[in-house]
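Q: How does the following fold in three dimensions:
(one chain, ligands or ions: 1)
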Amino acid sequence: MDIDLLKRFGSIRIFAKGGKLAPHKPLLLLYALAQFKNERIERIVFSDAESMVDPLIQTYGPFNAKTSVTYPYARLANDKSGIWWIEKHEKNASGDLSLAEARDRDLKAGFSEDVLRKFRENPKLIDLVAINLLDRNFPPSLHRDILDAVGLYLGQDELEVVIRKKRDPRFRGIVLSAYYEQCAICKYDIKMNGAAVALEAAHIQMHSAGGPDEVTNGLALCVIHHKLFDLGALTVDDDMNVRVSERVVGDWGRKLNDEFHERPIALPRSTSMAPAPQYIHWHNRQVFKGVVR
Ligand SMILES: [Zn+2]
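A: The predicted structure is shown next:
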């Protein structure tokens, strides 16, 4: 295993101060990994990066993400890790790549030559780098979706092993029990042979953004509401009311809004177990696709 290469990918500056969510770089890197693994494409042309990665930044990035793929596409090459290369280009007044030039010339960028060489010699490294990027930047409930979106396919075992081993298994038990083994939003509580199924302990502040494995940073959520919560379609405010994003549409979006928006969550058995304000605020600001006043 090439520890050095993993460290270089691990050193990329991703979270800004205060756990601010900035998944632009990891999303572009995951897309580039998929392109190399699937088609041996070594150079990502700007128009592809824009059409493929920009929508992902909207989905997995913070609300009203202003930065487009232009930002990581050029900035990654300035990173000390030396993992990224970009074709020569003019810089605009603020030292960034100009979107017009990137589009006009359809610039090329991609992994640096020595990284490509390592991937060619040992293709297994591609999966390892991808798993590390996912683990450090996104909640586990979204890993599979992100891999599907960039077209990267890993063995299920590889994904599970790395991601699960770092988690505290007690967290799930403590959180589910605190919420009477029911979804805090819809009270879903199906059990089979005495065990809760399709019910999960969600981290309010993502584990990878420093959220602890504590009951006050947890919510018991059914798989659907967990995913919607991690995508920012839902959040919980200071008064423990559910907020539904205005981006949610469709018949089920209407149902979600009518049934749960501004209605209280099902509280845990003790007030000391309720979600703590700092984690709620983090989720409101960094993940929720809307504004909580
Ligand atoms: Zn639910």
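
Q: State the distance from residue 113 to residue 133.
A: 20 Å (CB to CB, to the nearest Å). Where C-beta positions appear, they are placed from N, C-alpha and C, glycine not excepted.

Q: Kindly report the residues of this structure close to the ion.
A: Near the ion, the residues belonging to the chain are 183, 185, 186, 188, 222, 225 when assessed by CB under 5 Å from the ion.

Q: thinking again about what came up before, residue 113 and residue 133: which is more packed in?
A: Neighbours were counted for residue 113 and for residue 133 using other CB atoms under 10 Å; residue 133 has more, 23 against 10.

Q: name the element the nearest residue to the more buried one once chain neighbours are set aside belongs to?
A: Beyond its immediate neighbours in the sequence, the residue positioned closest to residue 133 (CB to CB, 6 or more residues apart in numbering) is residue 26, lying 4.6 Å away. Mapping residue 26 onto the secondary structure by DSSP states H and E places it in helix 24-39.

Q: Packing partners of that helix?
A: For helix 24-39, the packing partners by 3 or more CB pairs under 8 Å, 6 or more residues apart in numbering; DSSP states H and E come out as strand 44-45, helix 46-60, helix 70-75, strand 108-111, helix 124-137, helix 140-150.

Q: and residue 123, how many residues sit next to it?
A: The criterion is other CB under 10 Å. On that basis, residue 123 has 11 neighbouring residues.

Q: pLDDT value on it, please?
A: Among the per-residue scores, residue 123 holds a pLDDT of 90.

Q: In contact with it, which residues are there?
A: Contacts for residue 123 (CB atoms under 8 Å, 6 or more residues apart in numbering) come out as residue 37.

Q: measure it to the ion for me?
A: Residue 123 sits 40 Å away from the ion when distances are taken as CB to the ion, to the nearest Å.

Q: Backbone dihedrals for that residue, please?
A: Listed backbone geometry of residue 123 is phi -60, psi -20, with angles given as degrees, to the nearest 10.

Q: The chain should start at 32 in everything you say after this.
A: I'll keep to 32 as the first residue from here, and by that count the last item is residue 154.

Q: Quickly note the distance from it to residue 160.
A: The gap separating residue 154 from residue 160 is 11 Å, by CB to CB.

Q: Next: residue 54.
A: In this structure, residue 54 lies at 16 Å from residue 160, with CB to CB as the measure.

Q: show me what contacts the residue nearest to residue 164?
A: Contact partners of residue 57, counting by CB under 8 Å, 6+ apart, are 43, 45, 164, 165, 167, 168, 169.

Q: so what's the last one closest to, chain neighbours aside?
A: Spatially, and ignoring its direct neighbours in sequence, residue 169 is nearest to residue 177 (6.0 Å; CB to CB, 6+ apart).

Q: Kindly report the same for the fifth one.
A: Leaving aside its chain neighbours, residue 167 sits nearest to residue 239 (5.2 Å; criterion: CB to CB, 6+ apart).

Q: Give me the local confidence score for the residue of the chain most remote from its centre.
A: Within the chain, the residue lying farthest from the chain centre (CA atoms, centre = their mean) is residue 224, at 33.1 Å. Residue 224 is assigned a pLDDT of 90 by the prediction.

Q: give me every residue that touches the residue nearest to residue 169.
A: With contacts defined as CB under 8 Å, 6+ apart, the neighbours of residue 177 are 58, 61, 87, 91, 165, 169.

Q: so which of those comes closest to residue 268?
A: Here the nearest of these to residue 268, counting by CB to CB, is residue 91; it sits at 22.3 Å.
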